[in-house]
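**Student:** task: produce atomic coordinates for the following.
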Amino acid sequence: MICVPFYVIDDLYIDAYFMDKIDKPYLRILLVKVKIKGSKCDGRILNTIPFETVVELLRNGSNDLQNISFNIKKENLNNLDIILSSLYNPGYYFRKREKEITLSSILKIYDLAYKNVLDKLNRVKDAVVTYLSLSLANSSVIINNNEDQVYTQFFRSDPKFREAILSALSEQ
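**Tutor:** Residues are numbered from 1 along each chain as shown. Modelled structure (predicted):
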């Protein structure tokens with residue numbers, strides 16, 4: 001078991017170790033948690049990324065998200081889409097673009113989350129650090145004795161994140 005540092009601001013817990021260890025910067029917002037039940041951590045304490053650096057990493061993630069959102073908005077319907085959707089039904093367009101619509105909706109949610117978190121961070125000069133326990137069980141990431149779905153998904157799909165966790169756990 002290791003102890004991962006988190007900055008605590010109001011009810012937000014902001015990861016202060018893995019924030020720079022994700023392949024896709026726009027997903028950094030997912031390392032911000034709300035209302036985590038605390039427990040004492042008795043493992044090895046990981047190094048804390050300075051608060052200003054965490055804020056900058058979140059800003060960079062937000063900028064990366066803006067670039068991705070802009071590229072999605074740039075995509076236009078081609079003429080065949082317009083003709084076919086009017087000849088058959090509008091459902092054709094939605095079926096064809098379902099993935100992009102879902103992605104666009106998720107990115108809007110991320111954007112709102114970034115705005116709320118960065119707004120709180122801009123009003124804070126320094127934050128309290130707390131440590132949460134992290135361990136692995138059957139390819140699931142356990143934080144404070146509960147499986148964390150976000151960290152587990154990153155562990156399974158993001159090689160950089162997986163390597164960071166495995167490296168931190170092996171250094172015990």
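**Student:** name the residues of the longest helix anywhere in the chain that are buried.
**Tutor:** What stands out as the longest helix in the chain, according to DSSP state H, is helix 90-122. Using 16 or more other C-beta atoms under 10 Å as the test for burial, helix 90-122 gives 93, 97, 107, 110-111, 114, 117-118, 120-121. No exception for glycine: its C-beta is placed from N, CA and C like everyone else's.
**Student:** what of stretch 141-148?
**Tutor:** For stretch 141-148, the neighbour count (16+ other C-beta under 10 Å) marks 141-144, 148 as buried.
**Student:** list the contacts of Tyr131.
**Tutor:** Under the criterion of C-beta atoms under 8 Å, 6 or more residues apart in numbering, the neighbours of Tyr131 are 3-6, 41, 45.
**Student:** ok, it to Tyr7 distance?
**Tutor:** Using C-beta to C-beta, to the nearest Å, Tyr131 is found at 11 Å from Tyr7.
**Student:** average model confidence for the lengthiest strand in the chain?
**Tutor:** Longest strand in the chain, counting residues (DSSP state E): strand 128-137. Throughout strand 128-137, pLDDT has a mean value of 91.
**Student:** continuing past that strand, what's the next helix or strand?
**Tutor:** The C-terminal neighbour of strand 128-137 among helices and strands, as given by DSSP states H and E, is strand 140-143.
**Student:** direction included, what does the next helix or strand after that next one pair against?
**Tutor:** As assigned by DSSP H and E, the chain's next helix or strand after strand 140-143 is strand 146-147. Strand pairing for strand 146-147, determined by DSSP bridges: strand 140-143 (antiparallel).
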